[in-house]
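Colleague: The sequence isn't on hand, but the structure is:
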């Protein structure tokens, strides 16, 4: 079984961490050090628990999730269009480029330079995710699926015997 870092889990934990940081900073600003420590402890426990639940659901429920989108077991075995078509290198470069060269700089710009604080960090993160989704969508639209189409048509013509 292959485990991978899920961008959505990271995004969720990042957003949860920002809200926790807000709560902790409010408690510290009010001079309530014990309440700030308690809020941080609760936050850390919840982040670990939620990440574990989401990761387990995605890992062990792969066939269930894939079943919502495809009827064929062959297609369910693919872990996404990019991996199934052998385009992992493209997906990696798109993920790195959009997150580190678009999302993070915009988050820093909006959050700290333009003083939008947490809202600015969110705007930058959303811009990075939008750029990632758009780039991957364009790759899927522009690529030719001739090899995949041939494999599917061969599967229909020649039944597999075991």
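Modeller: Cool, the structure landed. Bear in mind that the values here come from a model prediction, so they are computed numbers and not experimental data.

Colleague: buried sites along the helix or strand where residue 39 lies?
Modeller: Assessed by DSSP states H and E, residue 39 sits inside helix 33-60. By neighbour count on 16 or more other C-beta atoms under 10 Å, the buried set for helix 33-60 is 36, 39, 43, 47, 51. (C-beta placed from N, C-alpha, C; glycine too.)

Colleague: who's in contact with residue 107?
Modeller: 120, 121, 122, 123, 124, 125, 128 (C-beta atoms under 8 Å, 6 or more residues apart in numbering).

Colleague: how deep is the fifth one tucked in, by neighbour count?
Modeller: Spelled out, that is residue 124. Residues lying near residue 124 (other C-beta atoms under 10 Å) number 21.

Colleague: Now it: closest residue in space that isn't a chain neighbour?
Modeller: In space, residue 124 comes closest to residue 107 once its chain neighbours are excluded; the distance is 2.6 Å by C-beta to C-beta, 6 or more residues apart in numbering.

Colleague: That neighbour and residue 92, how far apart?
Modeller: Per C-beta to C-beta, to the nearest Å, residue 107 is found 21 Å from residue 92.

Colleague: farthest-separated two in the buried residues of helix 33-60?
Modeller: Farthest-apart pair in these is 36 and 51; separation 22.5 Å (C-beta to C-beta).

Colleague: Quick one: mean pLDDT over stretch 143-162.
Modeller: The average pLDDT within stretch 143-162 is 55.

Colleague: How about stretch 33-53?
Modeller: pLDDT averaged over stretch 33-53 gives 82.

Colleague: same thing with stretch 94-112?
Modeller: The pLDDT scores in stretch 94-112 average 92.

Colleague: Give the buried residues for that stretch.
Modeller: 94, 95, 98, 99, 102, 103, 106, 107, 110, 111.
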